[in-house]
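Peer 1: got a sequence here, can you model it:
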Amino acid sequence: MVPGDEQEAPPASMKAPWASESNQKTPEELKQELQEKLARAKAMKPGAEPVSSENAAGSADDHEAPPASMKAPWASESKQKTPEELQQELQEKLARAKAMKPGAEPMSPASPVKVARSPRQTPLTPPRSPGLVTAPWAQLAEEDAPPPLCLSSPKSAMKLTVLTATGVTKTYDLRTPTKAIRVPDDLTRFQQGEAFRIVKEFILSLNDSCVGKRLQDVGPISPECQAVVDVLKLMGKWVDEIPPIAQPMRYGNRAFKDWIERIVKDTPALIEKILPEHIRPAAIELAPYFINSFGDKTRIDYGTGHEHCFACFLAALATIGFFKESDSDALALVVFWEYLQLVRKLQSTYKLEPAGSHGCWSLDDYQFIPFMWGSAQLIDHPTLSPSSIHDDRAVQQHAASNYYMHCIHFIKKVKSGHISENSPMLNDISAVQSWKRCNNGMIKMFFAEVMDKFPVMQHMLFGSILPPP
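Peer 2: Residues are numbered from 1 along each chain as shown. All right, here's what the predicted structure looks like:
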């Protein structure tokens, strides 16, 4: 007998009000009753009006059946039988009753006979109407349970097969990325997983690409890098088309919500447009990373978590082969620079709040990666040292060619007072003797203060390209 294939009666608390409890009988009493019913059935004339086995006794004590309109949903119609069929059924029941051991558990004569179904005859679960409430005792088998609500497009079920840079073919089950770091233990597993490795190696490889280079030292860039730059430039124009609104609050201009809504609406199509046909289905995973790279619509803020999301977007593109290894310089010094220009424009135009506790996870309230890659750019620089941030002339001169000096220039422009007052951590770093040591410290600080911090990483998204912990 297949477990779970027996017809289960509803619990007593859920029975219809007219359904009284049947008298429970011992095997001896059951045999006697069945014999009496069989005798009455044999006395019936052949060809008489069909009756059901429950009405064969013809006693005045039989319960009157409820009207059809009042029957419980599990109450099926009894099959009407001829006297010959009724005799055969009662004889079978009597034979089963005689086979019972004396003193066995009492049962009702109307108790259904439990029949094992063949595994090939597993009953189908009828479709549920949204307006009906399932009875609390009715449980679906795991394989029959309805699928979870899917909020993504049909492309979420698509697969993507790519050839990695190492020559290995890999298949991804594409789906809409979701959050997966909900408790501190999830963060620990993330740091031991594949997604952490992919993002870490990507960020460090671009850090190495920045060593000794100015922003202008990159030659012609690939069409793939240029496509991402063009999208970022287009979004910069949208800022001009959606100006800040007049409001009493100084920070958090509500026009930013309109800008984000336009990003959400248009980004999927833009991402699909820049992707080659063979990896175009990956847009369903890539778009959420891109959308979440520019700030939070509800809080109207921006921080290193959003910056990290853009790094994940680029890392995911590189993982599926959109970018090549030769694109490293352009990604670090052209694509990310264009992204930085856009988020600076957002921060200034819409007066975005620093995410977290007054930007506690960043070095200038908003950013971290530009300081790390900027310090790599200045390694072995002939004239500049970490203490050069106190030289306004040097900062202004190199702000357009170096990430680090650009960030210092931005701080001096938007904040009042000496850098020792408005940016004490950067002031302390200026005492480091070399840019090499400064860069090593920045790398350790990034992974300790950004990718190892639950308040930041709890917002990271995971799909199949960057798998969950």
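Peer 1: check which element follows the lowest-mean-pLDDT helix or strand in the chain along the chain.
Peer 2: Comparing every helix and strand of the chain by mean pLDDT, DSSP states H and E singles out helix 83-99 as the least confident one, with a mean of 74. Sequence order places strand 159-163 as the next helix or strand after helix 83-99, per DSSP states H and E.
Peer 1: got the buried residues for that next one?
Peer 2: Within strand 159-163, the residues that qualify as buried are Leu160, Val162, counting by 16 or more other CB atoms under 10 Å. From N, CA and C alone the C-beta is placed, and that goes for glycine too.
Peer 1: who does that strand pair up with?
Peer 2: strand 169-173 (antiparallel) (DSSP bridges).
Peer 1: show me the contact partners of the partner strand.
Peer 2: Lys159, Leu160, Thr161, Val162, Leu163, Thr164, Ala282, Glu285, Ile320, Ser464, Ile465 (CB atoms under 8 Å, 6 or more residues apart in numbering).
Peer 1: least confident of those residues?
Peer 2: Among the contacts of strand 169-173, Thr164 carries the lowest pLDDT, at 74.
Peer 1: would you confirm that it contacts Gly321?
Peer 2: Yes: distance between Thr164 and Gly321: 7.1 Å, which falls inside the contact criterion (CB atoms under 8 Å).
Peer 1: thinking again about what came up before, quick one: which two of the contacts of strand 169-173 are the most distant?
Peer 2: Maximum pairwise distance in those, criterion CB to CB, is 18.0 Å, between Leu163 and Glu285.
Peer 1: sorry, back to before: between the contacts of strand 169-173, which is nearest Lys200?
Peer 2: Taking CB to CB as the measure, Ile465 is the one of the contacts of strand 169-173 closest to Lys200, at 15.2 Å.
Peer 1: thought Ala316 was touching that closest one, still the case?
Peer 2: Yes: under the contact definition of CB under 8 Å, Ile465 touches Ala316, with a separation of 4.6 Å.
Peer 1: follow-up on the earlier one: residues of the least confident helix or strand of the chain that come out buried?
Peer 2: Pro83, Leu86, Gln87, Glu89, Leu90, Lys93, Leu94, Ala97.
Peer 1: which one is the fifth one nearest to, not counting chain neighbours?
Peer 2: I take that to be Leu90. Leu38 (4.4 Å; CB to CB, 6 or more residues apart in numbering).
Peer 1: same thing with the third one?
Peer 2: Excluding its sequence neighbours, the residue lying closest to Gln87 (CB to CB, 6+ apart) is Ala41, at 4.8 Å.
Peer 1: just the element for that neighbour, please.
Peer 2: Assigned by DSSP H and E, Ala41 falls within helix 27-43.
Peer 1: what is the residue minimising distance to the centre of the chain paired to in the beta sheet?
Peer 2: By CA atoms, centre = their mean, the mean C-alpha position of the chain lies nearest to Thr178, the distance being 2.7 Å. Partner residues in beta bridges with Thr178: Phe462, with DSSP bridges as the criterion.
Peer 1: let me see the contact set for it.
Peer 2: With contact taken as CB under 8 Å, 6+ apart, Thr178 is in contact with Leu461, Phe462, Gly463, Pro468.
Peer 1: coming back round to it: show me what the helix holding Ala41 is packed against.
Peer 2: Using 3 or more CB pairs under 8 Å, 6 or more residues apart in numbering; DSSP states H and E as the contact criterion, the neighbours of helix 27-43 among helices and strands are helix 83-99.
Peer 1: surely Val335 is in contact with Leu314?
Peer 2: Yes: if you go by CB under 8 Å, Val335 and Leu314 touch, sitting 7.0 Å apart.
Peer 1: hey, what's in contact with both of the two?
Peer 2: When contacts are counted by CB under 8 Å, 6+ apart, Val335 and Leu314 are jointly contacted by Val228.
Peer 1: all strands for the stretch 351-469 of the chain, in order.
Peer 2: Taking DSSP state E, counting those that start in this stretch, the strands of the stretch 351-469 of the chain run over residues 353-354, 461-462.
Peer 1: buried deepest among those strands, which one?
Peer 2: Mean neighbour counts were taken over the strands of the stretch 351-469 of the chain using mean count of other CB atoms under 10 Å, and the top value, a mean of 21, falls to strand 461-462.
Peer 1: mean confidence score for that one?
Peer 2: Strand 461-462 comes out with an average pLDDT of 96.
Peer 1: try stretch 234-242
Peer 2: pLDDT averaged over stretch 234-242 equals 97, rounded to a whole number.
Peer 1: over to stretch 336-356?
Peer 2: For stretch 336-356, mean pLDDT is 95.
Peer 1: how about the helix holding Ala41 as CSV, C-alpha atoms only?
Peer 2: Coordinates of each C-alpha in helix 27-43 appear next as CSV, following Å, rounded to 0.1, in the frame of the first residue of the first chain:
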residue,chain,number,x,y,z
PRO,A,27,-16.2,-7.5,15.2
GLU,A,28,-18.9,-9.8,16.6
GLU,A,29,-21.5,-7.0,16.6
LEU,A,30,-20.5,-6.0,13.1
LYS,A,31,-20.8,-9.6,11.8
GLN,A,32,-24.3,-9.9,13.3
GLU,A,33,-25.5,-6.6,11.8
LEU,A,34,-24.1,-7.5,8.4
GLN,A,35,-25.8,-10.9,8.5
GLU,A,36,-29.1,-9.2,9.3
LYS,A,37,-28.7,-6.8,6.4
LEU,A,38,-27.7,-9.7,4.1
ALA,A,39,-30.9,-11.6,5.1
ARG,A,40,-33.0,-8.6,4.3
ALA,A,41,-31.3,-8.1,1.0
LYS,A,42,-31.9,-11.7,0.0
ALA,A,43,-35.6,-11.2,0.8
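Peer 1: so how far is it off the chain centroid?
Peer 2: 63 Å (CA atoms, centre = their mean, to the nearest Å).
Peer 1: residues of that helix that come out buried?
Peer 2: The neighbour-count criterion (16+ other CB under 10 Å) identifies Pro27, Leu30, Lys31, Glu33, Leu34, Lys37, Leu38, Arg40, Ala41 as the buried residues of helix 27-43.
Peer 1: re earlier: for the residue nearest to Leu90, list the residues it contacts.
Peer 2: Under the criterion of CB under 8 Å, 6+ apart, the contact list for Leu38 reads Gln87, Leu90, Gln91, Leu94.
Peer 1: can the buried residues of helix 83-99 go into a markdown table with extra columns for distance to Val456?
Peer 2: Listed next are those as a markdown table, based on distance: CB to CB, whole Å:
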| residue | distance to Val456 |
| --- | --- |
| Pro83 | 81 |
| Leu86 | 76 |
| Gln87 | 80 |
| Glu89 | 72 |
| Leu90 | 75 |
| Lys93 | 71 |
| Leu94 | 76 |
| Ala97 | 72 |
